[in-house]
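J.: got a predicted model here, sequence first, then my questions.
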Amino acid sequence: MNLKQLEYFVSVAELGSFSKAAVVLDIAQPALSRQVRALEIDLRETLLLRNGRGVTLTQAGQRLFEHSVAILQLVAQAREDMGATRDEPVGRITIGLPPTIGRQITLPLIDGFKRQMPKARLAIVEGLSTHVAEWITSGRVDLGLLYNPESPPGLEIKPLLDERLYLVQAASGERRATSQALPLAQLGRYPLVVPERAHVIRRLIETQATLAGLKLNIAWEVSSIAAIIDLVCAGYGHAVLTASAVAASGHADELSVRPLIEPPLASVLCLATSSHKRSTPLTRQATQLLVDLVRGLPQGAAAQSQPG
């Protein structure tokens with residue numbers, strides 16, 4: 001067992017996939033699989049359960065994962081401390097991203113990181129904003145992006161981007177007409193496919209509906225935004241999403257969007273960092289790269305794709 005194997009194992013466990021971890025680690029997938037398998041043989045334990053959708057941790061794998069994260073954090077802190085005297089970004093940093101944003105910036109984030117910080121290591125994990133906030137607070141993640149955070153203790157929050165919310169429906173021959181704005185008071189007329197209650201968009205629209213005395217027509221509840229968009233395309237209902245979520249889905253041409261008004265609804269994307277960790281050259285440079293990528297995202301891409 002060595003540090004490299006632990007780092008590879010943690011990346012696979014965090015991303016839930018050998019293929020995704022291979023991209024982040026810049027290593028061939030067969031070589032990555034061999035290293036993790038060698039770790040399992042060395043420890044005489046099955047650490048990961050392989051299935052068609054990725055990997056999950058066994059009980060032994062969960063125990064090793066917790067130890068490995070702590071070990072790698074200590075090693076990263078030592079490297080950062082030594083590199084700080086040279087103002088050089090070294091060590092390992094973990095960034096948490098919401099899935100819809102992750103789809104858009106993971107590749108440019110890795111590309112930029114490799115160019116700007118060649119001596120450092122990057123890990124990317126995806127999760128709902130509530131999960132990312134918990135990971136930053138616990139130290140599992142160094143910094144991340146959150147939607148509509150509620151100023152949790154221990155976090156420093158910096159708003160980066162306001163994303164308007166739209167009623168999303170399958171496109172039809174009446175696409176031009178349905179691109180008109182929709183007052184929130186009329187949202188109850190439409191059967192909705194919504195994410196789970198922990199999702200920030202679900203909480204936002206339910207809060208606004210309550211304030212307006214509006215009863216929502218929730219037809220289906222699905223945790224995955226990608227699955228929600230698939231259901232909308234298939235005609236199972238409507239969704240309330242950001243333009244970036246529609247643009248990242250690959251189905252923008254099959255969908256029509258209507259901005260919600262009276263009041264207009266928006267989701268705020270924020271940068272979150274721990275208020276307890278000291279800044280290092282690595283965290284400063286990685287933070288700036290992440291902020292630049294977010295601010296460079298095309299806004300309203302889904303809405304602009306509509307004719308007229």
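T.: Sure thing, it's come through.
J.: now do stretch 171-183, average pLDDT.
T.: Taken as a whole, stretch 171-183 carries a mean pLDDT of 65.
J.: and that stretch, how far apart are its ends?
T.: 20 Å (Cα to Cα, to the nearest Å).
J.: for stretch 191-204, same thing?
T.: 17 Å.
J.: confidence-wise, which helix or strand of this protein is lowest on average?
T.: helix 301-304 (a mean of 38; mean pLDDT, DSSP states H and E).
J.: so Leu192 sits against Lys215, correct?
T.: No - with contact defined as Cβ atoms under 8 Å, Leu192 does not count as touching Lys215 (11.4 Å). Any C-beta I mention is one placed from the backbone N, CA and C, and that applies to glycine too.
J.: comparing those two, which residue is more hemmed in?
T.: Counted by other Cβ atoms under 10 Å, Leu192 and Lys215 do not tie: Leu192 has more neighbours, with 22 against 10.
J.: who touches whatever helix or strand the more buried one lives in?
T.: Using DSSP states H and E, Leu192 falls within strand 191-194. Residues outside strand 191-194 that contact it (Cβ atoms under 8 Å, 6 or more residues apart in numbering): 201-202, 205, 216-222, 228, 231-232, 236-240.
J.: what average pLDDT does it get?
T.: pLDDT averaged over strand 191-194 gives 93.
J.: with stretch 133-142 instead?
T.: Per-residue scores along stretch 133-142 average to 86.
J.: counting neighbours, which bits of that stretch end up buried?
T.: Neighbour-count burial for stretch 133-142, counted by 16 or more other Cβ atoms under 10 Å, picks out Ala133, Trp135, Ile136, Thr137, Arg140, Val141, Asp142.
J.: can you list the residues you listed in TSV and add distance to Leu211?
T.: Below are the buried residues of stretch 133-142 laid out as TSV (distance: Cβ to Cβ, whole Å):
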residue	distance to Leu211
Ala133	24
Trp135	31
Ile136	30
Thr137	29
Arg140	35
Val141	32
Asp142	36
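J.: from the residues you listed, which is closest to Thr46?
T.: Closest approach to Thr46 among the buried residues of stretch 133-142 (Cβ to Cβ): Arg140, at 22.9 Å.
J.: without its sequence neighbours, what residue ends up closest to the closest one?
T.: Residue nearest to Arg140 in three dimensions, not counting chain neighbours: Val69, with 6.0 Å by Cβ to Cβ, 6 or more residues apart in numbering.
J.: what about the one you found, neighbour count?
T.: Neighbours of Val69 (other Cβ under 10 Å): 19.
J.: could you measure from it over to Ala13?
T.: 9 Å (Cβ to Cβ, to the nearest Å).
J.: before we move on, what about Leu265?
T.: In this view, Leu265 and Ala13 are 36 Å apart by Cβ to Cβ.
J.: pretty sure Glu196 contacts Ser224?
T.: No - counting by Cβ under 8 Å, Glu196 does not reach Ser224; the two are 9.4 Å apart.
J.: for Leu47, give me phi and psi.
T.: For Leu47, the backbone dihedrals (degrees, to the nearest 10) come out as phi -100, psi -30.
J.: contacting residues around it?
T.: Phe9, Val36, Leu39, Glu40, Leu57, Thr58, Ala60, Gly61, Leu64.
J.: ok, what's across the strand from the fifth one?
T.: Beta-bridge pairing for Leu57 (DSSP bridges): Leu48.
J.: wait, it touches Val12, no?
T.: No - Leu57 is beyond contact range of Val12, at 9.6 Å (criterion: Cβ under 8 Å).
J.: quick one: which of those two has more around it?
T.: Val12 (28 against 18).
J.: residues contacting that one?
T.: Counted by Cβ under 8 Å, 6+ apart, Val12 has contacts Phe18, Ala21, Leu32, Val36, Leu48, Val55.
J.: report the lowest-confidence entry in the residues you listed.
T.: Within those, lowest confidence goes to Ala21 (86).
J.: and the helix or strand harbouring that one, what does it pack against?
T.: Here Ala21 sits within helix 18-25, counting by DSSP H and E. Packing contacts for helix 18-25, counted by 3 or more Cβ pairs under 8 Å, 6 or more residues apart in numbering; DSSP states H and E, involve helix 3-15, helix 29-43, strand 120-126.
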